[in-house]
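J.: Sequence below, structure please.
(chains A and B)
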Amino acid sequence: MIPAAFEYDRPTTVAEAVDILARNPGTAKVLAGGQSLLGLMRLRLARPERLVDIGGLAELRGIRALPDGGLAIGALVTYREVLDSALATSRVPLLAMAIADIGDVQVRNRGTVAGSIAHADPASDMPAVVLALEASLVVRSGSGERVVNATSFFEGAFVTDLAEDELLTEIRIPAQPTGVGMAYRHLEQPASGYSIVGAAAVVGRTGGSITTARIGVTGVADAAYRASAVEAALIGTDGGAAAIAAAAAHAAEGVAVGSDIHADAIYRAEMARVHVRRAIEAALGAAG
Amino acid sequence: MTEQVRLTVNGVPRDVEVEPRRLLVQTLREDLGLTGTHVGCDTSQCGACTVHLDGRAVKSCTVLAIQADGHVVTTIEGMAPDGGLHAIQAAFWAKHGLQCGFCTPGMIMSAADLLESNPDPTDDEIRHAIEGNICRCTGYHNIVAAIREAASTLRAGTDVPAAANA
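T.: Take a look at the predicted model:
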């Protein structure tokens, strides 16, 4: 299975890359690690006329410490580089918890975190993670740079807030509140490894009651979302088993729950409740 | 429309002319004649096509040859350039870590990536490291034993026993 023929560009600067995107509206796709895109092209599920290979853009490499205690992840940072980064794993343990299970070693060596976010597969894990971390996404085009909150980035299956002439250049993760715990729990489709449902939790207690609750959910609907009904129900409780279970019952509220051969909507919604509950329990267990 | 690409394959610079859509595995097998890298599933699942790109295991069916331009590729043929066996290859032989052998080159390349960063893996870590490599014969048990044995050999820094090289 060979991809259909395409034009190929290898820009040497971000400015050049976004210029190529602007000159080829709707016909160019960005190629980073290629672990999602090349597979789709080989199956001819995607047939872009032009690939803009950003693999050579040194300015998009690397993980930086932000002065506020947060983290900036360049668009070319691979899953493997995050797992190998003491900075990333210590400041934001949730990243490694989710990434360790993505694909396999070969996919993690090549696939990029930002590529997964820009691709916005409804069964991918990273969207739930950046939602729970309240990350921002830095986006460049010919007319400059803008910063989008993850909560307004994911719009549907493979659809994001990115315009055709825009390139996702960096993920910025703010410092997380002191004392919070983090966890990722998911139900994998055993053959593909994609998440049927996935839940990322950042939860913390102050003085015996829950003061931070951020839950990102993927796999359940067309786009990853913040389970705001769960969060609202959890805040102010003691975070005991009963409170967590009652809050997690809202995990699939307000979204159109998807249905496919692996999980119908009833099962998928139930698995969302189960994995949100488990993620909250584990996050609280890890909280300082 | 083709483009000139230079790869360093098993230590040797190789210039090839490729269409942008040409996959790295095609270039290795068809342009360079390195048929030790296998094509199994053709959909980035089975790992038979695993090679090292800049020292990391990747599935060469899901990398364009042109993406590897200017980079370093190691295939199974490059593991033991002296015509002998690499310690991992010797361990697969000694521990019977294969039956038909189709998955073996990819298994060995994944094992090499693991042992480079984790010289003393647990069995669980070994199994996690070969998650991207499918074997339809062995049930994996002897593959895990082979990688464990190779780790031990490499940690000891001893040469592969002469018998295994015979």
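
J.: what's the neighbour count on the residue of chain B found nearest chain A?
T.: Chain A sits closest to B:G132 of chain B, with a gap of 2.7 Å, by CB to the nearest CB. Bear in mind the C-beta positions are built from the backbone N, C-alpha and C, glycine included. Counted by other CB atoms under 10 Å in any protein chain shown, the residues lying close to B:G132 total 24.

J.: Could you give the average pLDDT over the lengthiest helix in chain B?
T.: Identified as the longest helix of chain B according to DSSP state H is helix B:141-156. In this model, helix B:141-156 has a mean pLDDT of 97.

J.: how about that helix against chain A, any contact?
T.: No: among the residues of helix B:141-156, none lie within reach of chain A under CB under 8 Å from any CB of the partner chain; the closest is 12.8 Å away.

J.: Let me see the residues that make contact with that helix.
T.: B:87-88, B:90-92, B:94-98, B:107, B:111, B:114-115, B:119-121, B:123, B:126-127, B:129-130, B:135, B:160 (CB atoms under 8 Å, 6 or more residues apart in numbering or on different chains).

J.: Please save the CA atoms from it in CSV.
T.: Once non-C-alpha atoms are left out, helix B:141-156 reads as follows in CSV (Å, rounded to 0.1, in the frame of the first residue of the first chain):
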residue,chain,number,x,y,z
HIS,B,141,8.1,-16.8,25.6
ASN,B,142,11.4,-17.7,24.0
ILE,B,143,11.8,-14.2,22.5
VAL,B,144,11.6,-12.7,26.0
ALA,B,145,14.1,-15.3,27.2
ALA,B,146,16.4,-14.4,24.3
ILE,B,147,16.3,-10.7,25.0
ARG,B,148,16.9,-11.4,28.7
GLU,B,149,19.9,-13.5,27.7
ALA,B,150,21.2,-10.9,25.3
ALA,B,151,20.9,-8.2,28.1
SER,B,152,23.0,-10.4,30.3
THR,B,153,25.7,-11.0,27.7
LEU,B,154,25.8,-7.3,26.8
ARG,B,155,26.0,-6.2,30.5
ALA,B,156,28.9,-8.7,31.0
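
J.: List the buried residues in it.
T.: Neighbour counts over helix B:141-156 (16 or more other CB atoms under 10 Å in any protein chain shown) mark B:N142, B:I143, B:V144, B:A145, B:A146, B:I147, B:R148, B:E149, B:A150, B:A151, B:T153, B:L154 as buried.

J.: Equivalent analysis for stretch A:99-110, please.
T.: Quick answer for stretch A:99-110 (16+ other CB under 10 Å): A:I99, A:D101, A:I102, A:G103, A:D104, A:V105, A:Q106, A:V107, A:R108, A:N109, A:R110.

J.: Just the buried subset of the contacts of helix B:141-156, please.
T.: B:87-88, B:90-92, B:94-95, B:97-98, B:107, B:111, B:114-115, B:121, B:126, B:129-130, B:135, B:160.

J.: Cool, thanks, signing off.
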